[in-house]
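> need a 3D model of the sequence below.
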Amino acid sequence: MKQVILIKNGEIALKGLNRASFEAVLIKNIKHALCGLGEIRVQRAQSTITVEPVAEEYDMDEAQERLRRVFGIAAFSCAVVVPKELDAILQQAPVYLCPELTAAKTFKVNAKRADKRFAYTSPQICAKTGEALLQAYPHLRVDVHHPDVTVTVEIRDFGAYIHADQLPGAGGMPVGTGGKAAVLISGGIDSPVAAYMMAKRGIRLTAIHFASPPYTSQRAELKVRQLLGEVAKYAGPIRFAIVPFTEMQEQIARQCPEDLTTLIMRRYMMKIASRLAKQQECEALITGESIGQVASQTMKALAVTEDAAELPVFRPLIGMDKQEIIQVSRKIGTFEISIQPFEDCCTVFTPKHPRTRPKLEAVRQAEQFENCDLLLEQAIAGTTFDKIYGQERGTAE
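Sure, this is the predicted structure:
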């Protein structure tokens, strides 16, 4: 029995003359996601990408689990391939679909005749296949409006494909088609979700984490690595930068007005992140900020923070409330990691009464403390880089 995976892309279909380049990136990402499972052949024809395992013992369940996280895939299904002959279709359909049809009470048949040379029309294929399935499974009845199982027969150039319901994909655009951006990643709930949402729009990610030992621990860094590992299951390999931020934070706490320390800290994060992002050929910064969530995320405070950035700042969570963000974090597997009780640098030296309506000129003046430029350069020079992968499947990109 020859099985394949049929992949339907989503927004790529709207790309017109650029469509082929987007599909090429998607195919590259599919091959990377399936790396380590065995040899495959990937073909592109008639708005469908076909993944065909070379070996019969290929793990189709694991392959589908990995494909579920590949951005750019709208839906996919595991199908059996038979010759383009009606007898072959009628013989194989009841056998291949046994698990789904045995558990179902109702079904319907769809037919897609992409190869118009096939002797039977789509309605004829549906009627003949439906009759064969009713004979094999007498407990079933046809329900064309709300069936438990939809059986699809596709007549294509390379054969006839039979499958049950499609599984939903991750949607979005293939990672790598939208450019590069750097996400400021803490150990909280928000920034991993922001990273995931921008990767869904085709952005390849670099992650920048600010560490402040001894105020933050090695376990806090491990927590961030675990978070990025979950995001990387969707986003692909993530370049990971760790910035030594202790001395900068200590000097801000020592020399700057207490009610402005959080804003000044975030401005220096923006300055450092901008420099590092440019080094990595990123075109924007990403943060997990949401309007009004904390004192440093009022509209005025966000404007003051963004003033220090040298690149555009994307905030995909800006209009979401906390429950919406938590819902996404549970979906992508980061929530339980995020709530582990390890301090990150954003919670170090938090003022009792932070300024919520800051004036830009006052903040600019306050951040010019002794040796501030030297500390900034030292933080950039001391940054270390690593790479985070989403699963054990090699390091091919």
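> in the protein, which strand is the longest?
Assignment by DSSP state E gives strand 73-82 as the longest strand of the chain.
> so which elements touch it?
Secondary-structure packing of strand 73-82 (3 or more Cβ pairs under 8 Å, 6 or more residues apart in numbering; DSSP states H and E): strand 2-9, helix 60-67, helix 86-96, strand 159-163, strand 167-168. Where C-beta positions appear, they are placed from N, C-alpha and C, glycine not excepted.
> outside of the fourth one, which residues touch it?
Around strand 159-163, the neighbours that count as contacts under Cβ atoms under 8 Å, 6 or more residues apart in numbering are 4, 6, 77-85, 88-89, 92-93, 96-97, 151-154.
> ok, that strand: who's next to it in the sheet?
Its sheet considered, strand 159-163 pairs with strand 73-82 (antiparallel), strand 149-156 (antiparallel) by DSSP bridges.
> dump these to TSV, plus distance to Ala111, mean pLDDT and mean neighbour count.
Shown next, in TSV, are those (distance: least, Cβ to Cβ, whole Å; pLDDT from 0 to 100; neighbours: other Cβ atoms under 10 Å):
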stretch	distance to Ala111	mean pLDDT	mean neighbour count
strand 73-82	14	95	20
strand 149-156	5	95	21
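> reformat those as CSV; add distance to Lys108.
CSV is the format used below for those (distance: least, Cβ to Cβ, whole Å):
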stretch, distance to Lys108
strand 73-82, 16
strand 149-156, 6
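> which of the residues in the helix or strand of the chain with the lowest mean pLDDT are buried?
Lowest mean confidence among the helices and strands of the chain (mean pLDDT, DSSP states H and E): strand 40-45, at a mean of 89. For strand 40-45, a neighbour-count test (16 or more other Cβ atoms under 10 Å) marks Ile40, Val42 as buried.
> and the angle from that strand to helix 60-67?
On the basis of axes from the mean of the first three to the mean of the last three Cα atoms, to 10 degrees, strand 40-45 is oriented at 60 degrees to helix 60-67.
> centre of the chain to the helix or strand following strand 40-45, how far?
As assigned by DSSP states H and E, the chain's next helix or strand after strand 40-45 is strand 48-53. Computed by Cα atoms, centre = their mean, to the nearest Å, the chain-centroid distance of strand 48-53 equals 21 Å.
> report all helices and strands that strand 48-53 contacts.
In terms of contacts (3+ Cβ pairs under 8 Å, 6+ apart), strand 48-53 is packed against strand 2-9, helix 19-33, strand 40-45, helix 60-67.
> who's in contact with the last one?
This points to helix 60-67. Applying Cβ under 8 Å, 6+ apart, the set of residues contacting helix 60-67 is 3, 5, 7, 30, 33-34, 37, 51, 53, 73, 76, 78, 167, 169, 391.
> closest to Val175 out of these?
Of all the contacts of helix 60-67, Ala33 has the smallest distance to Val175: 10.3 Å, by Cβ to Cβ.
> the residue nearest to that closest one when sequence neighbours are not counted - how many residues pack around it?
Spatial nearest neighbour of Ala33, excluding adjacent residues (Cβ to Cβ, 6 or more residues apart in numbering): Arg66 at 4.6 Å. A count of nearby residues for Arg66, using other Cβ atoms under 10 Å, gives 21.
> Arg66 and Ile73, how far apart?
According to Cβ to Cβ, to the nearest Å, Arg66 stands 11 Å off from Ile73.
> Leu228 now?
Distance from Leu228 to Ile73, by Cβ to Cβ: 22 Å.
> ranking the helices and strands packed on strand 48-53 by mean pLDDT, which is last?
Sorting those by mean pLDDT places strand 40-45 lowest, at a mean of 89.
> what does it rub up against?
The contact list for strand 40-45, computed with Cβ under 8 Å, 6+ apart, reads 23, 27, 30-31, 34, 49-54, 58, 156-158.
> can I assume Leu34 is in contact with Ile49?
No. If you go by Cβ atoms under 8 Å, Leu34 and Ile49 don't touch, sitting 11.9 Å apart.
> need the residues touching each of those two.
Here Leu34 and Ile49 share no contacting residue, scored by Cβ under 8 Å, 6+ apart.
> what residues are up against Glu283?
Glu283 makes contacts with Gly179, Lys180, Ala181, Leu311, Pro312, as judged by Cβ under 8 Å, 6+ apart.
> narrow these to those in helices?
Judged by DSSP state H, helices contain none of the contacts of Glu283.
> most neighbours among these, which one?
Ala181 (24 neighbours).
> verify the contact between that residue and Ile286 for me.
Yes. Counting by Cβ under 8 Å, Ala181 touches Ile286, with 5.3 Å between them.
> three-state assignment of the residue nearest the centre of the chain?
For the chain, Tyr234 is the residue whose C-alpha lies nearest the centre (Cα atoms, centre = their mean; 3.5 Å). Following DSSP: H, G, I helix; E, B strand; the rest coil, the label given to Tyr234 is helix.
> OK, contacts around it?
For Tyr234, the contact set (Cβ under 8 Å, 6+ apart) comprises Arg69, Val70, Phe71, Ala170, Val175, Tyr196, Ala199, Lys200, Ile332, Gly390.
> of these, which is the nearest to Cys345?
Nearest to Cys345, judged by Cβ to Cβ, of the contacts of Tyr234 is Tyr196 at 21.7 Å.
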